[in-house]
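> Predicted model follows, preceded by the sequence.
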Amino acid sequence: MAERVLITGANGKLGRPLVEALVLAGYEVCALDCAPMSEQEGVLTILADVRDESAHEHILRFHPEIVVHLAANTDIALSHAHPEEDARVNMLGSLNVLHAAKTAGTKRFVLASSDAVRGKAAPGGVPEPESPYGVSKLAAERYCGSYRVIYGLPFAALRLPEGGNEEHAKTALIRAIRGEYEGVIDL
């Protein structure tokens, strides 16, 4: 039986090609996004915002074995102008999805994080985010770590390079889905 994978932010630049790749690989995919998506054969599409209770309920109903959380505000300039909105999406939205994944009995949680959490720190060094966006993504990573400690939910948080190669990001996400990464990974 195919593994059930739920992807938030499925209509984004990383989400669309990841959904296609997972369907081709034989996964059962649920695509959740706050922007309308075109129907795709073999994909359950859900229109919901990760900050809302409805997203939590949809995740519980789909009962995924793996959750890939791509949904985020990635506009660093917007995070400077409206840090509270950035926090609502990237911290509280991530927490809502993480909690739903835990409640649904998900076996693995994959977070698309960002190298913005590092700031000027070297890869593997102590993060020193310089933007509200970086702070919010670091908080999401920390929530994942706490859910691993408290609830035993395995996770991989991939620090994807800002403006990086989308094919490289997709490959890394697929490897994380397969369980080849654990914890916070600097890419």
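Nice, I can see it.
> Could you give me the buried positions within the lowest-mean-pLDDT helix or strand in the chain?
None of the helices or strands of the chain scores lower by mean pLDDT, DSSP states H and E than helix 76-81, at a mean of 90. By 16 or more other C-beta atoms under 10 Å, the buried positions in helix 76-81 come out as 76, 79. Quick note: C-beta positions are derived from backbone N, CA and C, even for glycine.
> got a list of contacts for that helix?
Outside helix 76-81, the residues within contact range by C-beta atoms under 8 Å, 6 or more residues apart in numbering are 73, 85-86, 116, 131-133, 136, 162.
> at 10 Å what do you get?
Residues from elsewhere that reach helix 76-81 (C-beta atoms under 10 Å, 6 or more residues apart in numbering): 73, 75, 85-87, 89-90, 114, 116, 130-137, 162.
> So which of those residues are in helices?
85-87, 132-137 (DSSP state H).
> ok, of the residues you listed, which come out buried?
86-87, 132-137.
> Show me which pair in these is furthest apart.
Spatial extent of those (C-beta to C-beta) is set by the pair 87 and 134 at 12.0 Å.
> quick one on the thing from earlier: what's the most distant pair in the ones in helices among the contacts of helix 76-81?
Farthest pair in those (C-beta to C-beta) is 85 and 134. Separation: 15.3 Å.
> Now for the residue most central in space within the chain: which residues touch it?
Geometric centre of the chain, nearest residue: residue 69, 1.8 Å, by C-alpha atoms, centre = their mean. Taking C-beta under 10 Å, 6+ apart as the criterion, residue 69 is in contact with 6-9, 32, 50, 93-94, 96-98, 101, 109-113, 140, 144, 155, 157.
> helix or strand for residue 56, which one?
According to DSSP states H and E, residue 56 maps onto helix 53-62.
> Tell me the helix or strand right after that helix.
Downstream of helix 53-62 (by DSSP H and E), the next one is strand 66-69.
> Quick check: mean pLDDT of that following strand?
Taken as a whole, strand 66-69 has a mean pLDDT of 98.
> strands paired with that strand, and their directions?
Sheet pairing here is set by DSSP bridges, and for strand 66-69 it gives strand 4-8 (parallel), strand 108-114 (parallel).
> In JSON lines, list these along with mean neighbour count.
Compiled in JSON lines, the strands paired with strand 66-69 are given as follows (neighbours: other C-beta atoms under 10 Å):
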{"stretch": "strand 4-8", "mean neighbour count": "27"}
{"stretch": "strand 108-114", "mean neighbour count": "26"}
